[in-house]
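S.K.: What follows is a predicted protein model with its sequence.
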Amino acid sequence: MPTPQQHFVVSHLKEADFKSGGLRDYSAYRDLGAAAATNGLAQVHVIRMIAPFRSELSVRHHHDVQFQMVYCLKGWFETEFEGVGRHRLVEGSSWVQPPGIRHTVVGWSDDCELLEILMPPEHETVNDA
């Protein structure tokens, strides 16, 4: 399969680039332009938690992706993974989630910011509850 045509992109921090009201009402996303630059091969965004964690957000789910990596830029973020257990990201730590792994978010700090890399950019999130 041929590799999609790719081009250079740069993204500088602008607070106005954080968009809420999308996928999750408790977070804002800053698209770093990777989907457009890679012609749909990958997505990279910064996720900023904009609301406190609530227990009703703990829903077991999985993502229909080929690759997913999360890096903690600020604060902390905790998830329980099926077959792996509970893990907490803190500033400077990361995890790679195998495709389809079932997991449940169990908490985050008020100042939490994450960098997430996904392949492909368009994918389904499936609730397993």
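M.R.: Sure, I can see it. Here the structure is a predicted model, which is why all the values come from computation and not from measurement. Numbers count the residues shown, from 1 in each chain.
S.K.: Residue 69 is in contact with residue 94, isn't it?
M.R.: Yes: in this structure, residue 69 is within contact of residue 94 by C-beta atoms under 8 Å, at 6.3 Å. From N, CA and C alone the C-beta is placed, and that goes for glycine too.
S.K.: residues touching the residue nearest to the spatial centre of the chain, list them.
M.R.: In the chain, the residue lying closest to the centroid (C-alpha atoms, centre = their mean) is residue 116, at 4.0 Å. Residue 116 sits next to 43-47, 68-71 when contact means C-beta atoms under 8 Å, 6 or more residues apart in numbering.
S.K.: Relative to residue 39, how far out is it?
M.R.: Separation of residue 116 from residue 39 (C-beta to C-beta, to the nearest Å) stands at 19 Å.
S.K.: Next: residue 62.
M.R.: Distance from residue 62 to residue 39, by C-beta to C-beta: 26 Å.
S.K.: Please say which of these two ends up with more neighbours.
M.R.: residue 62 (20 against 12; other C-beta atoms under 10 Å).
S.K.: Any chance you could list what contacts the strand or helix carrying that one?
M.R.: Using DSSP states H and E, residue 62 maps to strand 61-63. Contact partners of strand 61-63, identified using C-beta under 8 Å, 6+ apart, comprise 97, 99-104, 118, 123-129.
S.K.: In strands, which of those fall?
M.R.: 97, 103-104, 118, 125-127 (DSSP state E).
S.K.: In space, what's closest to residue 43 - neighbours in sequence excluded?
M.R.: Using C-beta to C-beta, 6 or more residues apart in numbering and skipping residues adjacent in sequence, the residue nearest residue 43 is residue 121, 3.5 Å away.
S.K.: Neighbouring strands of the helix or strand of the chain at the bottom of the mean pLDDT ranking in the sheet, and parallel or not?
M.R.: In the chain, no helix or strand scores lower on mean pLDDT, DSSP states H and E than strand 125-127, which sits at a mean of 75. Here strand 125-127 has these sheet partners by DSSP bridges: strand 61-63 (antiparallel).
S.K.: And the strands in the chain?
M.R.: 27-31, 43-49, 61-63, 67-74, 76-81, 85-90, 94-97, 103-108, 113-119, 125-127.
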